[in-house]
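Asker: let's see this in three dimensions:
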Amino acid sequence: MQFQKILVTGAGGLLGGYTVDALRDRCTVSGLDVVPARHDIPHITDSIENLDAVRRAVAGQDAVVHIAARPNIWSGDGREIVQTNVVGTWNVLQAAEEAGVKRVIVTSSDSVVGFTVLDGAMVPPRYLPVDAEHPRHPTDAYALSKKLCEETARAFADRGRLDVVVLRPVFVLYPEFECEVIARAADPDGYRGPAAGGRNPAGGGPMWHYIDPRDLARAYRCALETDDPGFGPYFICGPTTLAPEPTIDRFTAKTGAKPEIRDTAVYRDNPFAPLYDLRTPAERLGFAAEHDLRRVLYG
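Answerer: Below you'll find the model as predicted:
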């Protein structure tokens, strides 16, 4: 690990816990969150909306993994989601730049593409696999907040005073959420979640994308360990979808149009490959997901 002291914002959340696990045997990890950390690490219990608290947390750090956010469309009204996510990201980047932090990993979302969660207002991708150059068409407050976070990250990166890397995870499939995913797979047409004891409905958009939290935590580690990761943004996704149909068939059924395929080998070699470009994070970050969770549903 080239960075010896790393701050994880959101260390008290589910993903923060996995990320601290992935890093703590390689460096000194501290946390910042509105709730206590899930591990015995130095931790400030406060909000990323409080710039003074963020400044205290980043002081003396070499790098920051910025996870803290309102994490989905159910986590507040539109104003609250935009306020927390955008102001919080600004505060983290501003404080990091002031403190001489060398690298910040910013967590965005595949929802910026516009084909994720909001039924009736989704914009299908123009081509597949979707890469970092694809236009963004957010249609809900959460997706919009993440697009604005990406723009904020780009502005700080362009100033040239710290490295900024943007990751775009898809739906994070925690073990606690598998019950809803299994219920949806059992009744794809009739599922109206949450239906199996989960807090939220099964996620992943119309294509049922997912990423195992262990893989996402490792993606953060890869973004920290790579000498020259570039800005990205990098889609972080499992190697398959969880939908019952092959990807191109399902995409066509959902949109009524056949997509432009810019790399036909992707879907020829893996009919259930996700919509997103996985080659670039493999080449630039050395990251590829290890957990294929189709086994949860289909054995």
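Asker: next up, identify which helix or strand the closest residue to residue 32 other than its chain neighbours is on.
Answerer: Among residues not flanking residue 32 along the chain, residue 57 sits closest, at 4.0 Å (Cβ to Cβ, 6 or more residues apart in numbering). Every C-beta, even on glycine, is put in place using the N, C-alpha and C of the backbone. Using DSSP states H and E, residue 57 maps to helix 51-58.
Asker: which residues sit against that helix?
Answerer: Residues outside helix 51-58 that contact it (Cβ atoms under 8 Å, 6 or more residues apart in numbering): 7, 9, 30-32, 44, 46-48, 64, 91-92, 94-96, 98-99, 101.
Asker: in helices, which of these appear?
Answerer: Using DSSP state H, the subset of these located in helices is 91, 92, 94, 95, 96, 98, 99.
Asker: how near is the fourth one to residue 131?
Answerer: From residue 95 across to residue 131, the span is 31 Å (Cβ to Cβ, to the nearest Å).
Asker: of the two, who's got more company?
Answerer: Applying other Cβ atoms under 10 Å to residue 95 and residue 131 shows that residue 95 carries more neighbours, namely 24 against 17.
Asker: so who does that one touch?
Answerer: Contacts of residue 95 (Cβ under 8 Å, 6+ apart): 51, 54, 55, 57, 58.
Asker: make it 10 Å
Answerer: Counting by Cβ atoms under 10 Å, 6 or more residues apart in numbering, residue 95 touches 7, 48, 51-59, 61, 64, 101, 104.
Asker: how about residue 36?
Answerer: Residue 36 neighbours (Cβ under 10 Å, 6+ apart): 11, 12, 43, 45.
Asker: pretty sure the last one is touching residue 32, no?
Answerer: The one in question is residue 45. Yes. Between residue 45 and residue 32 there is a contact under Cβ atoms under 10 Å: 8.1 Å.
Asker: mind listing the shared neighbours of those two?
Answerer: With Cβ under 10 Å, 6+ apart as the test, residue 45 and residue 32 both reach 11, 12, 53.
Asker: and the last one, how close does it get to residue 254?
Answerer: Distance, residue 53 to residue 254, by Cβ to Cβ: 43 Å.
Asker: got it, and the first one?
Answerer: As defined by Cβ to Cβ, residue 11 lies at a distance of 37 Å from residue 254.
Asker: mind pulling the model confidence for the closest residue to residue 127 other than its chain neighbours?
Answerer: With sequence-adjacent residues excluded and distances taken as Cβ to Cβ, 6+ apart, residue 127 is closest to residue 260, at 4.1 Å. Looking at residue 260, its pLDDT is 96.
Asker: ok, back up a step: neighbour count: residue 11 and residue 254, which is higher?
Answerer: residue 11 (30 against 16).
Asker: just the helices in the stretch 51-200 of the chain please.
Answerer: Along the stretch 51-200 of the chain, counting by DSSP state H, counting those that start in this stretch, helices occupy 51-58, 78-82, 88-99, 141-159, 178-186.
Asker: confidence score at the closest residue to residue 82 other than its chain neighbours?
Answerer: In space, and not counting its chain neighbours, residue 82 is closest to residue 145: 4.7 Å by Cβ to Cβ, 6+ apart. pLDDT for residue 145: 97.
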